[in-house]
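In: generate a structure from the sequence data that follows.
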Amino acid sequence: MPPAPSWPDPIEVPSTDGVSLATYDLGGSGRDCLLAHANGFCAAVFAPLARELGGWHCVALDARAHGRSSPDGDMAWDSHRDDVLSALDAFSLEAPIGVGHSMGGAALLLAEQARPGTFAALWLFEPIVFPPMPDTADGAEVPNPLVEGALRRRDSFDSPQAAYDNYRSKPPLNELSDECLAAYVAHGFGPTGEGEAITLACRPADEAAGYRMGHRHSAWDDPVSYTHLRAHET
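Out: A predicted model of the protein is given here:
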């Protein structure tokens, strides 16, 4: 496994539900930028990107139940919105650029919806923003392959190298660069106390809950809230 890119120690920030967020001041000068990761990931996967954005002041956060943040709390996506707003307030970010992937993109939109004018612009990759969808079909929960896949996910490995080799060998994480994958293994897992063994910080049940909540938020409801943004979906 290649060395993980440099990453600072977390700064604890309180959020709702008694959650303690792990946030990271990545340095840099110039305008502020907030980085919000996808469900099941962690902030450190942005390390190579933050290095390329050295002309900006970048801040990142581990969402609740991810990375080094509290392994508990309400997993509704409004709570991820609260986490974004807590990080913004803690660092006194002024009209930042928001960069979000998947769940992180939706959380940034929800934060802007709650406080119009918070962001100067958003760059969102695969933001999870859908029209309202039913929770059930004929009295049964609508099948969600992402939920089912998360619940089957392997949550522990004998060593960081074993985790890295596993993810490098198959999709979807084999699409990550070597640096991003090494950062994910280094910061998205924690030691078990048994030799080199590691276990996922984002438990399969929490990742599944995130997918289950993916259509139960209001980011679709009020597009007028975002009209002042230079928002780009790629």
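In: so Cys58: helix, strand or coil?
Out: strand (DSSP: H, G, I helix; E, B strand; the rest coil).
In: now do the contacts for the closest residue to it other than its chain neighbours.
Out: Once flanking residues are discounted, Cys58 sits nearest to Leu26: 4.1 Å by C-beta to C-beta, 6 or more residues apart in numbering. Quick note: C-beta positions are derived from backbone N, CA and C, even for glycine. The contact partners of Leu26, by C-beta atoms under 8 Å, 6 or more residues apart in numbering, come to 8, 50, 57-60.
In: the residue nearest the centre of the chain and Met133, how far apart?
Out: Most central in the chain under C-alpha atoms, centre = their mean is His37, positioned 2.6 Å from the mean C-alpha point. Distance, His37 to Met133, using C-beta to C-beta, to the nearest Å: 24 Å.
In: just the mean pLDDT for stretch 158-168, thanks.
Out: Stretch 158-168 carries an average pLDDT of 97.
In: run through who's touching it.
Out: Contacts for stretch 158-168 (C-beta under 8 Å, 6+ apart): 1, 154, 157, 173-174, 176, 181-182, 184-186, 189, 195-198.
In: low-confidence ranges in the protein?
Out: Residue ranges of the chain with pLDDT under 70: 134-141, 223-234.
In: could you pull out the strands for it?
Out: 11-14, 20-25, 32-36, 57-62, 97-101, 121-125, 136-137, 140-141, 156-157, 189-191, 198-200, 230-233 (DSSP state E).
In: who does the helix of greatest length in the chain touch, helix- and strand-wise?
Out: Secondary structure assigned by DSSP state H gives helix 77-91 as the longest helix of the chain. Counting contacts by 3 or more C-beta pairs under 8 Å, 6 or more residues apart in numbering; DSSP states H and E, helix 77-91 packs against strand 11-14, strand 20-25, strand 32-36, strand 57-62, helix 103-114.
In: so which of the ones you listed is nearest Ser92?
Out: The closest of the helices and strands packed on helix 77-91 to Ser92 is strand 32-36. By C-beta to C-beta, the value is 8.9 Å.
In: paired strands for that closest one, with orientation please.
Out: Note on strand 32-36: by DSSP bridges, its sheet partners are strand 57-62 (parallel), strand 97-101 (parallel).
In: on that earlier part again, out of the strands of the chain, nearest to Pro71?
Out: strand 189-191 (9.2 Å).
In: sheet partners, orientation included, of that closest one?
Out: strand 198-200 (antiparallel).
In: what distance separates the partner strand from the centre of its chain?
Out: 17 Å (C-alpha atoms, centre = their mean, to the nearest Å).
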